[in-house]
Structure formats: C-alpha cells, structure tokens
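1. sequence and predicted structure below; questions after.
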Amino acid sequence: MSANDKPTRGVQELRPYDVLTESFARRTAANSAPYLIDFIKPTDSILDVGCGSGSITLGFAQLVPQGHVIGIDVTEKELALARGAATAQGVKNVEFRFGDAHKLLEDFEDDTFNIVHAHQVLFHIHEPVKVLRYMRQLTRPGGLVASGDSADLVFWPHNPAFDKQKEIWYKMCDMKGTVPNAGRFSHVWAREVGFEWSQIQLGSKSEHYFGEAMRNFAAGASKVGYMFREAGMTTLEECQEIEKSYKEWAAKPESRILGLDGWILCRK
Ligand SMILES: C[S@@+](CC[C@H](N)C(=O)[O-])C[C@H]1O[C@@H](n2cnc3c(N)ncnc32)[C@H](O)[C@@H]1O
C-alpha cells in the first residue's frame, strides 16, 4: 500500500517534538533565549508559553529572584519533568501549569506579565498570529513579548533520506496548518498583531549538535517518521529506511546538526 492510499487520520495530533525531549532539555535561558536575558529584571513576572521540560523557564526563574515565572504546556509528561527539575534545583519562584496557548485569555488577565515568551512553539501551533496577539495582550504596557523559532535545520554530511523526511514533515505541517520555518518571518506576525516596526527588534541565533548531543538528537529524529506513518503519510519501509540512514549517519564522528533560529523581541 502506498502512503497515498491511506487516510490522514490523526494528523492534528502529530507531535514530532515529543521524541526530542532529551535534546530540548539541554537548552538553557542563556543558550536559547540570549535575545531576552539582558532585559530581564530581578522583580519581573514572566510567562513562558510551551515551556516543555522547563530548562529555559528555570533559567528565567533564577534571573528573577524577587519575581515569578509561570511555564505552561499542553503535555503533562513535559510538565512533570519541569516540576521535577524545579524541585531538584530548589527553584521556588516558578510554577508549571497545564495551559493551551490558544486559550491564554481564559487563563490569564490582560496586562499581567512583564515578559511573555515562547521558544520553538509558534511554528508548531495552528494559529500562531492569534497566539502572538494574546501574548501581547497579557503583557503590561512597557513589557516585552519574545519568541524564538526555527528558520532552518541543516544536517551535515548531506543524506537524501533526511530530505525525504523533510518533505513528509512539510506536507504534515501543511495539513495541520502550521508553518515549519516561522523563524524567518515571525517579525511580520509581530507587525500584524499591532507592534510598530520601531517596537520590534529581531535577530538570529543558532543551535548546534555534535558528538553525544548530535547522537541524541538523531536518535529522536529517526523515530519521527513512524508518527507520519500512523497518519498514513508514509510507509513502514520508508520509515525503516529513514531510521537506518539516521543510525549510519549518526555513527560517523564528523556528523553535525546546525539549526538557524530567528527571534523577535517586541516592546509593548
Ligand atoms: C519544540 S518544544 C519547545 C519546548 C521549550 N520551549 C524549549 O524550547 O525547549 C514545543 C513545546 O510546545 C508545546 N505546545 C505545543 N502546542 C501547544 C499549545 N497549543 N499550547 C501550549 N504548549 C504547546 C509542546 O507540548 C512542546 O513542549
């Protein structure tokens, strides 16, 4: 049976980041949100939307000893990891709660936070512009809205199997109504939700995976194809081929992954 013969059931539930939790847990506020940390004041209140396992969120909490941080996410598994990390690190001014970015206004009042942030979230969700608008609404006048999103991901040496996976991933994004490279144009969304150009700072940063970090990322990424298969977008044979290619590629000591992210920092 070809991928085209199957229905695309469950496409909205596909969550490729679920298999990359270990890689994401290596992120810190310093290496992943460098655009924001210089602006954080010790008394700030911060909302981190789509906080995942909370490693960036915890970094924010440590920068606001007299302030407070809330991390929200729709994945209980990630939230449990985040709460565990907070306890292990003895960070008390942070709270991790279940919360959907699309329903921010149901959970929080307007003008509540000094900073509302999202890292690698807008490009995974269905209505990113609406969510950015909500993020602006929850921010106090004079406060900041910030987001970092993927603009591209490069695997070196080149491997055609990864091109195939990217093709399926783009198709899935199209069907879900999400945009895979939001980091290229999130500044346009910021303008759309009411920030003036003079209020928007933008720039880029990178993520790099080599050695053990690369092998961890590749091990997670090699499994993503199977999710596409459940939605009928690829075949078992293709998934197995992609997984095998990842294994062979990751065994090469020179293999590396370079991620380019675009960020926005908007003053309300
Ligand atoms: C790529 S991970 C990024 C996690 C973390 N911000 C980081 O950079 O390490 C995307 C996260 O967004 C969360 N997410 C996806 N859709 C969401 C939504 N509608 N509301 C809140 N969180 C969401 C996922 O559960 C996941 O933890």
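-> Here it is on my side, so go on. Worth saying up front: this structure is predicted, and the values here are computed from it rather than measured.
2. got the residues of the stretch 51-200 of the chain near the ligand?
-> Residues of the stretch 51-200 of the chain that fall close to the ligand, judged by C-beta under 6 Å from any ligand atom: 51-52, 56, 72-75, 78, 100-102, 119-121, 124-125. Where C-beta positions appear, they are placed from N, C-alpha and C, glycine not excepted.
3. what residues of the host helix or strand of Met227 count as buried?
-> For Met227, the host element (DSSP states H and E) is helix 212-230. Buried residues in helix 212-230, counted by 16 or more other C-beta atoms under 10 Å: 213-225, 227-229.
4. same check, this time on stretch 132-146
-> Result for stretch 132-146 [16+ other C-beta under 10 Å]: buried residues 132-140, 143-146.
5. and stretch 66-74, by the same measure?
-> Gly67, His68, Val69, Ile70, Gly71, Ile72, Asp73.
6. ditto for stretch 27-36
-> Arg27, Ala29, Ser32, Ala33, Tyr35, Leu36.
7. for the last one, which non-adjacent residue is spatially closest?
-> Nearest in space to Leu36, with sequence neighbours left out and distances taken as C-beta to C-beta, 6 or more residues apart in numbering, is Ala146 at 4.8 Å.
8. what's downstream of the host helix or strand of the one you found, the next helix or strand?
-> In the assignment (DSSP H and E), Ala146 maps to strand 139-156. Sequence order places helix 160-176 as the next helix or strand after strand 139-156, per DSSP H and E.
9. in that next one, what's buried?
-> So helix 160-176, judged by 16+ other C-beta under 10 Å, has buried residues Ala161, Phe162, Lys164, Gln165, Ile168, Trp169, Lys171, Met172, Cys173, Lys176.
10. low-confidence ranges, the protein, go.
-> Counting by pLDDT under 70, the chain shows low-confidence ranges at 1-21, 23.
11. and the closest residue in space to Tyr170 that isn't next to it in sequence, how far is that from Arg256?
-> Leaving aside its chain neighbours, Tyr170 sits nearest to Pro180 (5.8 Å; criterion: C-beta to C-beta, 6+ apart). From Pro180 across to Arg256, the span is 21 Å (C-beta to C-beta, to the nearest Å).
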